[in-house]
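[1] Got a predicted model here, sequence first, then my questions.
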Amino acid sequence: MSHLLWNLYAVCYERIVRLLPYQEMLDEVASALEVAPGMRVLEAGCGTGALAERLARACPQIDYAGVDMSEAMLARARRRRAWPPTFAFTAGNLDDFLTGQVDRYDRIASVNVIWTLPDPRNTLARMTAGLRPGGRMVHATPRFAFRAWVVVWRDLRGQKGWRRLRALLGLPVLLCAGLLNLLLVLQSALAARAPRAGQRWHEDGLVALVRDAGARPQVVRPCYAGQALLLVADRPAPTSGGTG
Ligand SMILES: C[S@@+](CC[C@H](N)C(=O)[O-])C[C@H]1O[C@@H](n2cnc3c(N)ncnc32)[C@H](O)[C@@H]1O
């Protein structure tokens with residue numbers, strides 16, 4: 001069921017990604033990742049490849065893996081541009097993909113994915129294990145009492161000239177996307193396997209979730225016109241066990 005909804009969502013998803021606040025959020029996530037040549041980077045739930053595109057522009061020498069359960073999202077990601085040879089997109093469920101991956105990635109990112117997970121603590125724990133010690137994860141996820149109209153209004157105000165007209169003409173597509181989003185919220189609630197699934201977050205709740213998953217939160221702040229939270233965490237390096 002969730003595959004079907006995500007595949008449908010893919011049809012109108014680019015309209016959401018084009019919103020100015022979404023673009024700003026992607027820029028913030030890309031910049032917080034601080035990627036450098038040779039790093040192994042995993043993007044969990046890469047969708048149509050909008051973050052990957054930024055990373056490819058900023059540092060094409062990274063080893064990027066984008067994973068997503070929706071073939072329709074991935075098809076759009078693959079077509080988005082000519083990717084550097086070290087960029088790969090894989091279809092699959094995150095929990096399966098992360099199984100057995102330990103100490104592998106320098107960076108892990110997700111944008112608007114945590115709220116969809118049936119057991120976010122478990123999936124985040126797998127991500128933490130997949131990070132090498134000292135590695136960093138960056139997540140953006142809708143905040144508690146998310147207000148879509150704030151994002152749309154900010155977009156309309158920020159667009160100039162014919163772009164504003166195009167944004168106005170695109171409102172019906174956004175409405176369809178909003179209705180699909182409601183179905184996805186419902187579906188996520190039904191598929192929940194853990195108490196904190198399908199949730200939108202307050203800062204302290206998100207910090208506690210990531211800490212419970214074994215990572216060490218460093219920064220949490222609003223993004224996406226104040227409608228999402230951006231969290232940066234690292235995987236603590238093991239302390240030397242010797243007592244002298
Ligand atoms: C709201 S979209 C965000 C896409 C992309 N991160 C972006 O910001 O443009 C969520 C994405 O996560 C994917 N997804 C959700 N749960 C997943 C899971 N358990 N395993 C793999 N992909 C998943 C969906 O297919 C969808 O493409």
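    Good, I have the coordinates. Predicted model, so just to flag it, every value in this text is computed and none were measured.
[2] hey, let's count contacts and neighbours off CA atoms from now on
    Fine.
[3] what about the helices in this protein?
    Remark: helices assigned in the chain by DSSP state H are 2-17, 20-33, 50-58, 71-79, 94-98, 120-130, 148-158, 161-169, 171-191, 203-212.
[4] what's the closest of those to Ala197?
    Taking C-alpha to C-alpha, helix 120-130 is the member of the helices of the chain nearest to Ala197, at 6.0 Å.
[5] Output the strand of greatest length in the chain as PDB - backbone C-alpha positions only.
    Longest strand of the chain, by residue count under DSSP state E: strand 131-142. Output of strand 131-142 as PDB, limited to C-alpha atoms (Å, rounded to 0.1, in the frame of the first residue of the first chain):
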ATOM      1  CA  LEU A 131      27.900   5.400  10.400                       C
ATOM      2  CA  ARG A 132      31.600   5.100  11.100                       C
ATOM      3  CA  PRO A 133      32.500   6.400  14.600                       C
ATOM      4  CA  GLY A 134      32.700  10.100  14.300                       C
ATOM      5  CA  GLY A 135      30.500  10.100  11.300                       C
ATOM      6  CA  ARG A 136      27.600  12.600  11.000                       C
ATOM      7  CA  MET A 137      23.900  12.300  10.200                       C
ATOM      8  CA  VAL A 138      21.600  15.100   9.200                       C
ATOM      9  CA  HIS A 139      17.800  14.800   9.200                       C
ATOM     10  CA  ALA A 140      15.000  17.200   8.400                       C
ATOM     11  CA  THR A 141      11.500  16.200   9.400                       C
ATOM     12  CA  PRO A 142       8.200  18.100   9.800                       C
END
